[in-house]
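**Q** coords below, sequence missing:
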Ligand SMILES: CC(=O)N[C@H]1[C@@H](OP(=O)(O)OP(=O)(O)OC[C@H]2O[C@@H](n3ccc(=O)[nH]c3=O)[C@H](O)[C@@H]2O)O[C@H](CO)[C@@H](O)[C@@H]1O
């Protein structure tokens, strides 16, 4: 371990010597912990990080005034649509996707390093359960969708394929996530095919460029944003692991969309047949100010402009027919070829510009008292996963139906939107629609038929409660054999056991 003297010399080079101001009064344990943490911070990088944060914060608020003028919607030739395509084309994409999955060429990669601050939980968001009858967590739903998509590819192609699951965590989420997966026996996936790796952390910085001490013995650190993915892939040789497994296509997604279709064969197939190296799923925005990134072009280059960096006036612009001009909402659901990820990690990562987030960061004052600030006092610098789109040779967007594929869990119920209630409702409405399409009828507790509302939107409360395990159906397929012409009392939980009992 480095001595205090060494660490002090390094911090002097970085202009951050104040981080040692309580060192002398610490007991040996905390002192060693602090020195170890400080030793891991490379002086030049720390200096640059702190200067950059302060400078970025001193600039006028983003976006620069001329961004709106440089924005354009994506040209139609770059956009495919699941909802507007004919069934034959959709089938073609799906077949191609399943073909690639059966060849073991597809992996999924979960971004799970975020802290769930808005949701108000101290544990990883994937461990959250929104109150489904089965009490499944987001992680379990995702694991089961992987199992089902593998099974469907196997049935079509007579294989035994694997969709490896890469999970990017952070210092905050790795321990509890790894523990949770162990406790749940990896949700019946082979642990060898679940690869967890950790993204880097960066110090939080004051407005005048000083790294913040959260405690006398600890610097305040935050994950480096979901664009930390590219450094983390290199740090942990993840692309090499993918290469060993023969993975060519990577489906990257955000932890909190309860409807997420992992390794979605339709999306994968569309991107592969288009020869894309990079793709993004999009949904039509629900309302102009919806907090979703805007997939568009800036100066003719495909990009996402984050919701926090676009003015309300621009979000409200309309086309002559009355629709929103900027309508393509980012779902944080991306397609990358391994080749593209390789080029990005080798050549472009250092060109990604960090984004500034001003936050309330707990700290110790000059006397060493812990303070929970009431106003934002610190800067966190984050890279964004989509900032690599600009480097793609062939970028495509793929539009899907919101009620089929997008219901993010961002907030606590008090926020009214994108919360546990809306997520639960979206999933149960979808399963209710699938059950009706498959020919099921529902009865109330007295045995009377309940009304049938086949076009119920995701936001509506379904007349009957029906939850279908992802192990039974991935996107509504294969249900007729259990449900057609049958009557069920609400609630119906269609899981593996129930299916065995219903099999003709
Ligand atoms: C930067 C980004 O992608 N923004 C998108 C994100 O916004 P949003 O602001 O909701 O992004 P979040 O903070 O929820 O992060 C998205 C995902 O990245 C993960 N994460 C975050 C920070 C971090 O350091 N490490 C990490 O892995 C989170 O765990 C989560 O799975 O989702 C929205 C859809 O729901 C999109 O419309 C936004 O354009």
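**A** Alright, I've got the coordinates. Keep in mind the model is a prediction, meaning the values are calculated, not measured.

**Q** host element of residue 297?
**A** If you go by DSSP states H and E, residue 297 is part of strand 294-298.

**Q** what sits opposite the residue nearest the centre of the chain in the beta ladder?
**A** For the chain, the residue nearest the mean C-alpha position is residue 254 (1.1 Å; C-alpha atoms, centre = their mean). On the basis of DSSP bridges, residue 254 takes part in beta bridges with residue 111.

**Q** For the stretch 201-350 of the chain, what lies in contact range of the ligand?
**A** Where proximity means C-beta under 6 Å from any ligand atom, the interface of the stretch 201-350 of the chain facing the ligand comprises 223, 225-226, 228, 254-256, 292-293, 304, 306, 329-332. (Each C-beta comes from the backbone N, C-alpha and C, glycine too.)

**Q** Those residues in strands, which ones?
**A** Counted as lying in strands by DSSP state E, out of these, are 223, 254, 304, 329-332.

**Q** who's in contact with residue 426?
**A** 258-259, 403, 407, 458-459 (C-beta atoms under 8 Å, 6 or more residues apart in numbering).

**Q** Narrow the residues you listed to those in helices?
**A** When DSSP state H is applied, these are split such that residue 403 fall in helices.

**Q** picking that back up, biggest separation within the ones in strands among the residues of the stretch 201-350 of the chain next to the ligand, which pair?
**A** Taking every pair in these and measuring C-beta to C-beta, the maximum separation is 23.7 Å, between 223 and 329.

**Q** Quick one: the strands in the stretch 401-504 of the chain, in order.
**A** Taking DSSP state E, counting those that start in this stretch as the test, the strands found in the stretch 401-504 of the chain are 441-443, 466-468, 487-489, 492-494.

**Q** Tell me which of those strands sits most buried.
**A** strand 466-468 (a mean of 23; mean count of other C-beta atoms under 10 Å).

**Q** counting contacts, what elements does that strand pack onto?
**A** Applying 3 or more C-beta pairs under 8 Å, 6 or more residues apart in numbering; DSSP states H and E, we find strand 466-468 packed against helix 420-437, strand 492-494.

**Q** Briefly note if the first one comes near the ligand.
**A** No: judged by C-beta under 6 Å from any ligand atom, helix 420-437 makes no contact with the ligand; its nearest approach is 11.5 Å.

**Q** List the buried residues of that helix.
**A** Applying a neighbour-count criterion of 16 or more other C-beta atoms under 10 Å, the buried positions in helix 420-437 are 420-436.

**Q** One more: stretch 142-156?
**A** Judged by neighbour count (16+ other C-beta under 10 Å), stretch 142-156 contains these buried residues: 142-150, 152-153.

**Q** How about stretch 474-481?
**A** For stretch 474-481, burial by neighbour count (16+ other C-beta under 10 Å) applies to 474-475, 479.

**Q** and that stretch, how far out from the chain's middle?
**A** The gap between where stretch 474-481 is centred and where its chain is centred comes out at 26 Å by C-alpha atoms, centre = their mean, to the nearest Å.

**Q** start at 52 instead
**A** Sounds good: first residue 52 from here, last item stretch 525-532.

**Q** Contact partners for the closest residue to residue 525 other than its chain neighbours?
**A** Sequence neighbours aside, residue 199 is the residue nearest to residue 525 in space, at 4.4 Å (criterion: C-beta to C-beta, 6 or more residues apart in numbering). Listed by C-beta under 8 Å, 6+ apart, the contact set of residue 199 reads 521-525.

**Q** hmm, the host helix or strand of residue 217 in reach of the ligand?
**A** Under the criterion of DSSP H and E, residue 217 resides in strand 216-220. Yes: judged by C-beta under 6 Å from any ligand atom, strand 216-220 and the ligand are in contact via residue 219.

**Q** Neighbouring strands - and their directions - for that strand?
**A** By DSSP bridges, strand 216-220 pairs with strand 157-162 (parallel), strand 245-249 (parallel).

**Q** in the helix or strand of the chain with the lowest mean pLDDT, what counts as buried?
**A** Taking all helices and strands of the chain together, the one with the lowest average confidence (mean pLDDT, DSSP states H and E) is helix 118-121, at a mean of 82. Across helix 118-121, burial judged by 16+ other C-beta under 10 Å covers 118, 121.

**Q** Next secondary structure element downstream of it?
**A** strand 122-123.

**Q** now for that next one, which elements pack on it?
**A** On a contact count with 3+ C-beta pairs under 8 Å, 6+ apart, strand 122-123 meets strand 345-349.

**Q** helices or strands next to the strand it packs on in the packing?
**A** So strand 345-349, by 3+ C-beta pairs under 8 Å, 6+ apart, packs with strand 122-123, strand 352-356, strand 379-388.
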